[in-house]
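A.B. asks: okay, here's the prediction I keep looking at, along with the sequence it came from:
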Amino acid sequence: MTRERGLSRIPGLRASAVIAAVVLVVGIGSTASFAAWTGTTAKSASVTAASTALTSSGISGLAATYKPGLPGVTASALTDTVLVTVANTGTTPLAYGITSSGGDATLNGQITLQVWKAAGTTCAAATAVAANATSGTLAAPPAMPSDAASAAAGATLTLCMRTTSAGTYTTTGTTSPTVTVTGTVGTSWTASAAASFTQVTAFNWYQVVHALSDKCMDSNGGGVATGTTLILYPCKALSTTSNQSFRFAQVGATAYYRIYIGAGTTSGPVVAANNNVIGTAVSLQPVTLGDVAASNNQQWMVVAHGTAGDFRLVLKNPSNLGATLCLNMPSSTDVTGFTVTACGTNATPGTTVYNSQHFNFTEVP
């Protein structure tokens, strides 16, 4: 007898599957990106959604132009600070991170990026950096600070982000990086909010104006060749590439500056005393490095003295007789050559010594 085989059935069981989607939504203003995944779960599972959002007035506000300034003359502009808001508007916790891309790699590496959790609703230049702030560069952004590394569902974080240039750059440049805040669930799913901005490194340029005559320091004949003397001449129209425009580049962390002429290049020439003898001429010379006489003869300290807005330019190298040397222009006659002489102590305008050793600066836009 043959037995018929059949399929066995276990009563009460029935297989079912429901596809659930979890979506991360990330936005800056009107910009948004999505990360989604699907999975199989019991029919009683619910669908959840999570998102991060970066305010449009946040990271993009880091657009800046850096200038080193000149103490007592023009304030430096070497930092930019903005308030950034990151909101997790979903129902699952997110872990936050920061990445960057694009822009000038060299310049990005020279600009510091600091991040810390804001203590209030504003972040400004005067805002103190928190003790646990993280620090990196635009090329290699820092991690989120420990108290802002993650956020619960529905939580909003306010951060301060600050970029800083050391101001010691020797060439100008422009970079337009994109900085991205990421929100991660587990190890596989990430949403991101990105913003781009442009930062520029620039120089301050000045006309060096003789306080007595109101005329400008100029290169003789408009030349920039080695040995060209510096003379007095009526001030011309403002121009960053003029032979009457000069930029003051700080020498390391010292109080001294090399003075570059606008008609030259970023590598020189610079204003220098021909030697350290009283009465010696001042001319254009190639940059000399090292703590040697030739280098010291082209380093100047800008010292406020006398009437507000008046300054003396004091040479690093003292005279061969030990006297402190100052830039000197004893005449108001055109084409008179600049020299260095012993710095006077008279701070009274109108006196011969004061008139010959005091200058002011007109910034060239």
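C.D. replies: Everything's here; your move. If you're wondering where the values come from, they're calculated on a predicted model, not measured in any experiment. Numbers count the residues shown, from 1 in each chain.

A.B. asks: all contacts plus neighbour counts: C-alpha atoms, from now on.
C.D. replies: Noted.

A.B. asks: specify the local secondary structure of the closest residue to residue 85 other than its chain neighbours.
C.D. replies: Distances taken as Cα to Cα, 6 or more residues apart in numbering place residue 158 nearest to residue 85, at 4.5 Å, with adjacent residues excluded. Following DSSP: H, G, I helix; E, B strand; the rest coil, the label given to residue 158 is strand.

A.B. asks: neighbours of residue 158, just the number please.
C.D. replies: 21 (other Cα atoms under 10 Å).

A.B. asks: which residues does it contact?
C.D. replies: Counting by Cα atoms under 8 Å, 6 or more residues apart in numbering, residue 158 makes contact with 83-86, 117-118, 121.

A.B. asks: mind doing that once more with 7 Å?
C.D. replies: Each residue near residue 158 by Cα atoms under 7 Å, 6 or more residues apart in numbering is listed here: 83-86, 117-118.

A.B. asks: likewise residue 204?
C.D. replies: Counted by Cα under 7 Å, 6+ apart, residue 204 has contacts 67-69, 247.

A.B. asks: for residue 335, same thing?
C.D. replies: 231-233.

A.B. asks: same question, residue 104
C.D. replies: residue 175.

A.B. asks: quick one on the thing from earlier: any chance of TSV for the contacts of residue 204, columns neighbour count?
C.D. replies: Shown next, in TSV, are those (neighbours: other Cα atoms under 10 Å):
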residue	neighbour count
67	23
68	22
69	21
247	24
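
A.B. asks: which one of the residues you listed is nearest to residue 261?
C.D. replies: For those, the closest approach to residue 261 (Cα to Cα) belongs to residue 247, at 6.7 Å.

A.B. asks: in the sheet, who's paired with that closest one?
C.D. replies: Note on residue 247: beta-bridge partners residue 260, judged by DSSP bridges.

A.B. asks: please tell me how far it sits from residue 208.
C.D. replies: 10 Å (Cα to Cα, to the nearest Å).

A.B. asks: okay, now the domains of this protein?
C.D. replies: What automatic domain parsing lists as the domains of the chain is 53-201, 205-364.

A.B. asks: need the ones you listed in TSV with mean pLDDT, can you?
C.D. replies: Output for these, formatted as TSV (pLDDT from 0 to 100):
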stretch	mean pLDDT
domain 53-201	92
domain 205-364	94
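
A.B. asks: how about the helices of the protein, start to end?
C.D. replies: Counting by DSSP state H, the chain has these helices, from start to end: 105-110, 293-296, 352-357.

A.B. asks: what residues does the second one touch?
C.D. replies: Same thing as helix 293-296. If you take Cα under 7 Å, 6+ apart as the criterion, helix 293-296 is touched by 288-289, 316-317.

A.B. asks: of these - the most surrounded one?
C.D. replies: Neighbour tally across these (other Cα under 10 Å): the maximum, 23 neighbours, falls on residue 317.

A.B. asks: related to what we said a few turns ago, for the contacts of helix 293-296, give me JSON lines that also has distance to residue 227.
C.D. replies: Shown next, in JSON lines, are those (distance: Cα to Cα, whole Å):
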{"residue": "288", "distance to residue 227": "14"}
{"residue": "289", "distance to residue 227": "18"}
{"residue": "316", "distance to residue 227": "20"}
{"residue": "317", "distance to residue 227": "19"}
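
A.B. asks: quick check, nearest of those residues to residue 346?
C.D. replies: Out of the contacts of helix 293-296, the member with the shortest distance to residue 346 (by Cα to Cα) is residue 316, at 20.2 Å.

A.B. asks: so residue 192 is in contact with residue 185, correct?
C.D. replies: No - the pair residue 192 and residue 185 does not pass the contact test of Cα atoms under 7 Å, sitting 11.8 Å apart.

A.B. asks: more neighbours: the two, which one.
C.D. replies: Per other Cα under 10 Å, whichever of residue 192 and residue 185 has more neighbours is residue 192, with 26 against 15.

A.B. asks: could you check how far that one is from residue 307?
C.D. replies: From residue 192 to residue 307 the distance is 56 Å (Cα to Cα).

A.B. asks: what of residue 207?
C.D. replies: 18 Å.

A.B. asks: who has more neighbours, those two?
C.D. replies: Each of residue 207 and residue 307 has its neighbours counted (other Cα under 10 Å); residue 207 has more, 28 against 11.

A.B. asks: beta partners for the more buried one?
C.D. replies: Beta-bridge partners recorded for residue 207 (DSSP bridges): residue 362.

A.B. asks: what sits against it?
C.D. replies: So residue 207 contacts 216, 244-246, 361-363 (Cα under 7 Å, 6+ apart).

A.B. asks: from residue 201, how far off is the spatially most central residue of the chain?
C.D. replies: Residue closest to the mean C-alpha point of the chain, counted by Cα atoms, centre = their mean, is residue 165 at 3.1 Å. Separation of residue 165 from residue 201 (Cα to Cα) stands at 8 Å.

A.B. asks: check contacts around residue 63.
C.D. replies: Residues in contact with residue 63, defined by Cα under 7 Å, 6+ apart, are 197-199.

A.B. asks: run the last query once more with 8 Å
C.D. replies: Applying Cα under 8 Å, 6+ apart to residue 63 gives the contacts 80, 197-199.

A.B. asks: again, but for residue 78
C.D. replies: Residues near residue 78 by Cα under 8 Å, 6+ apart: 65-68, 164-167.

A.B. asks: mind doing that once more with 10 Å?
C.D. replies: Residues in contact with residue 78 (Cα atoms under 10 Å, 6 or more residues apart in numbering) are 64-69, 111, 163-167, 201.
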